[in-house]
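**Q** Pasting the sequence and the predicted coordinates here, then a few questions.
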Amino acid sequence: MPSRTVHLALGPDSYDVVVGHGVLADLGATLRTHTRAASVLLVCDAALPDALVRTAEQSLAAASLRAARHSVAASEPNKSLHTAQAIVEAAAAARLERTDAIVALGGGVVGDLAGFAASIYRRGIDIVHCPTTLLAMVDAAIGGKTAANLLTPDARLLKNMAGTFHQPKAVLADTAALASLPPRHLRAGLAECVKHAMLAAHAGDPDLLAAMEQDPPAVAASSLAPAATARLIDLIARNAAVKARVVERDTTESAGLQQRPAPNHDAGREALNLGHTFGHALEAMQHISPDADPAHAPLHHGEAVALGLVAAAAAAESLGQIPADSTARVRRLLDAIALPTRVAALPDDATILAAMMDDKKVMGGRLRLVLPWRELGRVRVAEDPPREAVAAGLAAIRAG
Ligand code: GLY
């Protein structure tokens, strides 16, 4: 099955994202081509199937690279500076030198932490990302953001509040890794694809939303059959390209850092935060379930993003920024993918708004929301949006 390559043009930091079935077997050769590494620290999600880790290790051995393994229990509470420190110390124990490399094999938590460790060990060594979740393949592994969460003394978890920009030397997205992913995780990854479709006009792909509406990606046992795998490779590559084009325009997310930004301004890379300010607040509320079964709480990140996308569309619609049927259109697509678009047991608006104010995009104590602008496919940042718009967003995702 042919693989697809998406190039990120970032001057001396340029690299390729290779998407395909079985591409993890090329890990050793990729390191040989794009780094000077002789030794590698393989940072893996502790829950990955042995076979996947063995494929990576065999590929490294076949390329005559020395490899040490460090496993990470991937969870938001464990995405800490302490876990990043353990990776840095594992790199030191493996005697990695300046020209050696870290390889991240796992989802967004592992990739963000391994990237952070690579960016500070010996003031920065190379990293290659091998994302194993759909979410990481279309988003987290691309664009060089690294992160750890912080915990305040009053036990508030601040997502991704510490981090660096550190571009990888290559990204290998092997769709074979998705075979072991539970359908709920696959669906959660598709929420980021819907997000990309809602801003893809900025990335030269204005038809992505219509394409997904025409043929909504299905998550079923058959989704990894060869024909479905070919479609999935196309979808991942198209989404990787959206992310790549946005990152190329505003690599360090500086577009919104001007002294006095207009009330609605170009979002730059912050566009990728669409749905995330609402979503992060919901994700932090441990009791919210994506469906009628409270045992399914808390929300997965992608499920929270799906709700955040509906809320963002409804907020924009209430401000007259997009046509009246836009929220219904977003909801229809997410429903077709079986992602949540309404949830029960949401706290009152003031509680959710307080949680939204913990978002790291807040500036000068003012809320900032990425919202659809003029049409689905385009977004802008709304500085200090009216509280009525936030309320309209929350009303759109309240069940009952
Ligand atoms: N995931 C958002 C970004 O990479 O900017």
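**A** That came through fine.

**Q** Identify the residues contacting the closest residue to Ala284 other than its chain neighbours.
**A** The shortest distance from Ala284 to any residue other than its chain neighbours is 5.8 Å, reached at Ala355 (Cβ to Cβ, 6 or more residues apart in numbering). C-beta coordinates here come from the backbone N, C-alpha and C atoms, glycine included. Contact criterion Cβ atoms under 8 Å, 6 or more residues apart in numbering gives 280-281, 284-285 as the residues in contact with Ala355.

**Q** By pLDDT, rank the residues you listed and give me the bottom one.
**A** Across those, the bottom pLDDT score, 87, is held by Ala284.

**Q** Work out for me the element the residue lying closest to Ala201 once chain neighbours are set aside sits within.
**A** Distances taken as Cβ to Cβ, 6+ apart place Gly377 nearest to Ala201, at 3.8 Å, with adjacent residues excluded. When elements are defined using DSSP states H and E, Gly377 is found to belong to strand 375-383.

**Q** What is the next helix-or-strand element following that strand packed up against?
**A** Using DSSP H and E, the next helix or strand after strand 375-383 towards the C-terminus is helix 387-397. In terms of contact count using 3 or more Cβ pairs under 8 Å, 6 or more residues apart in numbering; DSSP states H and E, helix 387-397 is assigned the packing partners helix 276-283, helix 301-318, helix 349-356, strand 368-373.

**Q** out of those, which comes closest to Ser64?
**A** Within those, the stretch nearest Ser64 is helix 301-318; the backing value is 37.9 Å (Cβ to Cβ).

**Q** Which parts of the stretch 151-300 of the chain are strands?
**A** Shown for the stretch 151-300 of the chain, the strands assigned by DSSP state E, counting those that start in this stretch span residues 157-162, 170-174, 264-265.

**Q** is the second one up against the ligand anywhere?
**A** The one in question is strand 170-174. No. In this structure, strand 170-174 remains apart from the ligand according to Cβ under 6 Å from any ligand atom; the gap is never smaller than 12.6 Å.

**Q** list the contacts for the closest residue to His129 other than its chain neighbours?
**A** Spatially, and ignoring its direct neighbours in sequence, His129 is nearest to Ala141 (4.0 Å; Cβ to Cβ, 6+ apart). When contacts are counted by Cβ under 8 Å, 6+ apart, Ala141 is found next to 17, 104, 108, 111, 129-131, 168, 171, 173.

**Q** do Asp139 as well
**A** Each residue near Asp139 by Cβ under 8 Å, 6+ apart is listed here: 108, 192, 196, 239, 243, 272.

**Q** Got phi/psi on it?
**A** Per-residue torsions, Asp139: phi -140, psi -70 (degrees, to the nearest 10).

**Q** how close does it sit to the ligand?
**A** From Asp139 across to the ligand, the span is 5 Å (Cβ to the nearest ligand atom, to the nearest Å).

**Q** separation between that residue and Trp373?
**A** Remark: distance between Asp139 and Trp373 (Cβ to Cβ, to the nearest Å) = 21 Å.

**Q** Please work out how many residues are found near the residue in the chain that the ligand sits nearest to.
**A** Nearest to the ligand, among the residues of the chain, is Leu272, at 3.8 Å (Cβ to the nearest ligand atom). Residues near Leu272, counting by other Cβ atoms under 10 Å, number 25.
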